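>>> Fold the following and give me the result.
(2 chains, ligands or ions: 2)
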Amino acid sequence: MTTIAVSTTINGDDVEYLCHADESLLDVLRNRLGLMGSKEGCGTGDCGACSTMLDGRIVCSCLVLGAEAEGREIETIEGMAHGHDLHPLQTKFLEHAALQCGICTPGFLMAAKALLDVNPDPTEEEIRFWLAGNLCRCTGYDKIVRAVQDAAAEMRGDAA
Amino acid sequence: MSFDASYNEKELNAVGTRPVRPDGVDKVTGRARYGADYNMPGQLVARVLRSPHAHARILRIDTSQAEALKGVKAVVTAADLPDLTDGDASLFAILDNCMARTKALYDGHAVAAVAAIDVHVARKALKLIEVDYEVLPHVVDVDLAMAPDAPVLDETIITKGVTPAPDAPSNVFAHSEFGHGDVAAGFAKADEIVERTFKTEQTHQGYIEPHACVASCNSDGSAEMWVCTQGPFVYRQVCADLLGLEVSKLKVTSSEIGGGFGGKTHVWAEPVALALSRKAGRPVKLVMSRNEVFRASGPTSATSIDVKIGATKDGTITAAEATLRYTSGPYPDTWAETGAMTAFACYDLENVKTVGIEVLVNRPKVAAYRAPSAPMAAFAVESAIDSLAHKIGIDAVDFRIKNAAREGTRSSYGPVYGPIGIGPTLEAAKAHAHMSAPLGKNQGRGMACGFWFNFGGQTCTDLNISADGTVTLSVGTVDVGGSRASLSMIAAEELGIAYEDVKAGVADTASLGYNDMTDGSRGTFSSSMATISAARNAIAVMKQRAALMWDIPVEDIEWKDGQAHAVGASHDNLAPLSVKDIAAKAGNTGGPIAGHSELVADGAGVSFGTHICDVEVDPETGATRVIRYTVIQDAGKAVHPAYVEGQYQGGAAQGIGWALNEEYIYGEDGRLQNAGFLDYRIPVCSDLPMIDTQILEIPNPNHPYGVRGVGETSIVPPLAAVANAVSDAVGVRMTHVPISPPRILAALKAQR
Ligand code: FES
Ligand code: FES
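Ligands and ions are numbered 1, 2, ... in the order given. Next up is the predicted model:
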């Protein structure tokens, strides 16, 4: 099968790769680029484990073709922390024990970051509906929602 | 070294705090490696061909075209997994389930597999495999499978446990019976009796990570496997048995596990991956799709349960009886037996009898799911208890409190209880603010209790003290939800050092002795016991080393607050030696310092919980929302309370999904119609409220810190708690789970 050459930006770096026409962005990230922080829970857009930012919008990378990334900007979980400095969401997820098995965590962190980018002070209901595309089978969501609330407060600079 | 596991009340410093887990940073940065996140040089990609039929004889499989395709390196069928099970029926069932031999027994049953250089070739190869099926009549419903005219799945099955033995084969594998007293006499004394039949549908554990493994067989007979599993040692044993490998030559490494809930205690794809690797002579990676996970791994039993409970007007239960029919998939198993044991375990009953009936159907082989078999039994019993309380006109909580089991009660399944938590969780529920909060229009409240046995089992742990005095802890129980944190805390507690100075990791099968699965809520319970024992052994060594360093008798040394102290007037001038001091000199005092422990963790300590649930039902659509939920459960001792709360919340959420939405839907053709997360809908964030938790601590007498297993009980009460709440809201008793909108509307219509 012939491949397509793609030039794109991932976590701020220029990246070039070859991929098949039917290959998902998720497969490209995981299998060609070694960025395995994005997870595949379903491959059909139903679980959010593969959540990735594409030009500032949260997408299921299993539903995006690798070829579609041409000339665009992608952010993945691997780009969330700056060196050893964790993003407040990452810190709060740890403090609140918002992960058990952790397979859903990269997707939740990306989705929650996308929420706080557009809405720094979401209500509980807004958080719950924004995150409704991300499945977690371990936690019952309680601690995830609290971690997002707490991270949002910290990022706004509210006193705890 | 002998180890005293009995509970000893003392002040704990590390235990009971909420530190960040040692594997945490890896998990929030995407660095943690799960089943599918591992590759080997020269690895092939595997794909599995599955039966589209619910029940069919396999007449012929022709793999020649697939084998001839460029890029295909191996094709396997049952012929490549010869039967080495030597009459072991349960092992044979595992083998046959991994790869169908003479018959495909459910939609999704594996019939062949390929390993190829990439996924495109593998997919193409699957299409080139020809299978001739003779389609047979099928049955998927538990009650229909017991009917006299039902198609029989296995002609060799004559029901066990009934006398006289039936003379014809059927789908009923076995009957089991539990109880004591005389139920007929008990019912004769009752003023009121409730008798009802309940049904529950089949659900899936729904772990977000599909099964995945990388298998590599070498020409020298050794083999390796990287796999997401709850039990690398058990996977090693089963795979070695099925493939005829020497157990010690197969090294199994468990990846980080993306959820299991019991579903990753059974092998499915792993023996197939090994067989492909053996045939191809290259490593093979096999990752199931979500569709395959639903069709061919793990579901629970579907059930149909009759319950009869009688009580006197003052609220004393005089007799209780249940007949529990559980599907086991197409192979014999003991799921109904477990349900029959748990059904009335919450109560102190003079006359009780339960019968479990194991039923074969054309559905996937049933796998464990969090307190397996207990939620369905609890749904039936706790619903009937609720009805009976209403009938007598007594408060549902008071009724349960009056009849609750207590220390000394002979349980319905046999043993006599030690100190237990059912009474205290009920009292806590009664006193809880949730219980008296006002309800609005179309809202209802329900509560229910649940029980789980908890397991202990074979466990071993290595504790190594490094030259700088920090500690590595190798455990053999897979960490499914924070146990590396809790076990590090336990080691720190026992040694008297800081949590940050201990790093726990999960060992592979070549690095540690045998460990049972992480199942039965045993992870923290049993590995903490082994960790305490290993730490005490290490302390004994450190005392000897301190004796050498000081040149005094070891009897004069006492271990306190992480230090060796010389006791006695003649040693007054000796400053205590810390772990770091002793470790620094280890090279001169006898070499590396370690503590090991191998034990069978007995006395896991039974667990009870009580849940309270408020719902709002839309009478137009039948849609139900859970608007408030409270979990009260006995933890014995909560080592890391945040992770204990997480277990309570997670189990409750799974139970709520089971109660309201989740079910396997089969078509007339016996094919699964909702093998994906879109149509098999697990609760999402916007479906649920915050889930309040209350941890009770009634020490387990058989654990040094009083710990009980906490992982499973939380899924037992929700089916009934939700059903009782919905029944309260709509004024009709709901008897079929999931209580989906169509079932609610049908019940409302029937009432009018
Ligand atoms: S893997 Fe993309 S949504 Fe599930
Ligand atoms: S923590 Fe396991 S799925 Fe979310």
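>>> burial of B:Met690, as a residue count?
17 (other Cβ atoms under 10 Å in any protein chain shown). Every residue, glycine included, has its C-beta placed from N, CA and C.
>>> Quickly note the distance from it to B:Pro741.
Counting by Cβ to Cβ, to the nearest Å, the gap between B:Met690 and B:Pro741 amounts to 24 Å.
>>> What count of nearby residues applies to residue 68?
You didn't say which chain, so I picked chain A. For A:Glu68, using other Cβ under 10 Å, the count is 15.
>>> hmm, I had chain B in mind actually
Residues lying near B:Ala68 (other Cβ under 10 Å) number 11.
>>> likewise B:Thr630?
Neighbours of B:Thr630 (other Cβ under 10 Å): 24.
>>> element containing it, please.
Taking DSSP states H and E as the definition, B:Thr630 sits inside strand B:624-634.
>>> Just the C-alpha atoms of that strand, please, in PDB.
The C-alpha atoms that make up strand B:624-634 are tabulated as PDB, following Å, rounded to 0.1, in the frame of the first residue of the first chain:
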ATOM      1  CA  THR B 624     -34.000   7.600  35.500                       C
ATOM      2  CA  ARG B 625     -31.400   9.800  37.100                       C
ATOM      3  CA  VAL B 626     -29.500   9.000  40.200                       C
ATOM      4  CA  ILE B 627     -29.600  12.300  42.100                       C
ATOM      5  CA  ARG B 628     -27.900  11.300  45.400                       C
ATOM      6  CA  TYR B 629     -25.900   8.300  46.400                       C
ATOM      7  CA  THR B 630     -24.200   7.200  49.600                       C
ATOM      8  CA  VAL B 631     -21.900   4.200  50.200                       C
ATOM      9  CA  ILE B 632     -21.200   3.000  53.800                       C
ATOM     10  CA  GLN B 633     -18.800   0.100  54.100                       C
ATOM     11  CA  ASP B 634     -16.600  -1.500  56.600                       C
END
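>>> Just give me how far that strand sits from the chain centre.
21 Å (Cα atoms, centre = their mean, to the nearest Å).
>>> same question, stretch B:83-92
On the basis of Cα atoms, centre = their mean, stretch B:83-92 sits 24 Å off its chain's mean C-alpha point.
>>> middle-most residue in chain A, spatially?
The centroid of chain A falls nearest to A:Met110 when counting by Cα atoms, centre = their mean (2.8 Å).
>>> Could you measure from that residue over to B:Arg21?
21 Å.
>>> Same question for B:His138.
In this view, B:His138 and B:Arg21 are 46 Å apart by Cβ to Cβ.
>>> pLDDT below threshold where in the chain?
Reading this off chain A. A:1, A:159-160 (pLDDT under 70).
>>> Please refer instead to chain B.
B:1.
>>> Got the domain ranges for it?
Domain ranges of chain B: B:24-32+B:456-600, B:35-136+B:210-257+B:264-296, B:303-454+B:605-751, per automatic domain parsing.
>>> Would you confirm that B:Asn291 contacts B:Gly676?
Yes. Between B:Asn291 and B:Gly676 there is a contact under Cβ atoms under 8 Å: 6.2 Å.
>>> Break down the stretch 201-350 of chain B into its strands, ranges please.
Secondary structure of the stretch 201-350 of chain B, counting by DSSP state E, counting those that start in this stretch: strands at B:212-217, B:223-227, B:250-254, B:284-287, B:303-311, B:317-327.
>>> So is the second one next to chain A?
Meaning strand B:223-227. No. Judged by Cβ under 8 Å from any Cβ of the partner chain, strand B:223-227 makes no contact with chain A; its nearest approach is 13.3 Å.
>>> what's next to that strand, contact-wise?
B:35, B:38, B:40, B:212-217, B:235-236, B:239, B:245, B:249-255, B:270, B:273-274, B:277-278 (Cβ atoms under 8 Å, 6 or more residues apart in numbering or on different chains).
>>> Tell me the buried residues in it?
For strand B:223-227, burial by neighbour count (16 or more other Cβ atoms under 10 Å in any protein chain shown) applies to B:Ala223, B:Glu224, B:Met225, B:Trp226, B:Val227.
>>> Taking the stretch 251-400 of chain B, what residue is nearest to chain A?
B:Gly258 (3.0 Å; Cβ to the nearest Cβ).
>>> What's the local residue count around that residue?
Neighbours of B:Gly258 (other Cβ under 10 Å): 30.
>>> State the number of residues packed around the nearest residue to it once chain neighbours are set aside.
Among residues not flanking B:Gly258 along the chain, B:Glu209 sits closest, at 2.3 Å (Cβ to Cβ, 6 or more residues apart in numbering or on different chains). The number of residues packed near B:Glu209 is 29, by other Cβ under 10 Å.
>>> and the helix or strand where B:Arg57 lies, how far out from the chain's middle?
For B:Arg57, the element it lies in under DSSP H and E is strand B:56-62. Here strand B:56-62 is found 35 Å from its chain centre; the criterion is Cα atoms, centre = their mean.
>>> counting contacts, what elements does that strand pack onto?
Where contact means 3 or more Cβ pairs under 8 Å, 6 or more residues apart in numbering or on different chains; DSSP states H and E, strand B:56-62 is packed against strand B:103-104, strand B:110-116, strand B:130-135.
>>> If you count neighbours, what's buried in the very next helix or strand once past that strand?
Next along the chain after strand B:56-62, taking DSSP H and E as the criterion, comes helix B:64-68. Buried residues in helix B:64-68, counted by 16+ other Cβ under 10 Å: B:Ala66.
>>> Could you confirm whether whichever helix or strand comes after helix B:64-68 reaches chain A?
Under the assignment DSSP H and E, the closest C-terminal helix or strand after helix B:64-68 is strand B:72-76. No. Strand B:72-76 is not in contact with chain A by Cβ under 8 Å from any Cβ; minimum separation 15.8 Å.
>>> quick one, what contacts residue 53?
All of this refers to chain A. A:Val59, A:Glu73, A:Ile74, A:Glu75, A:Thr76, A:Met110, A:Lys113, A:Ala114 are the contacts of A:Met53 under Cβ under 8 Å, 6+ apart.
>>> That was the other one, I meant chain B.
B:Ala104, B:Asp107, B:Tyr133, B:Val135, B:His138, B:Gly670.
>>> From the residues you listed, keep the buried residues only.
B:Ala104, B:Asp107, B:Tyr133, B:His138, B:Gly670.
>>> Throw those residues into TSV and include distance to ligand 2, thanks.
Putting those into TSV (distance: Cβ to the nearest ligand atom, whole Å) gives the following:
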residue	distance to ligand 2
B:Ala104	32
B:Asp107	26
B:Tyr133	37
B:His138	33
B:Gly670	31
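>>> tell me the secondary structure for the closest residue to B:Asp241 other than its chain neighbours?
Once flanking residues are discounted, B:Asp241 sits nearest to B:Leu91: 6.1 Å by Cβ to Cβ, 6+ apart. Look at B:Leu91: counting by DSSP: H, G, I helix; E, B strand; the rest coil, its state is helix.
>>> contacting residues around stretch B:507-517?
B:230-234, B:236, B:250-254, B:265, B:455, B:457-462, B:474-478, B:522, B:526-527, B:598.
>>> typo on my end, it should be stretch B:690-698
Looking at what lies outside stretch B:690-698 - Cβ under 8 Å, 6+ apart - the contacts are A:124, A:140, A:142, A:145-146, B:419-421, B:424-425, B:428, B:432, B:434, B:628-638, B:641, B:644-645, B:648-649, B:652-653, B:706.
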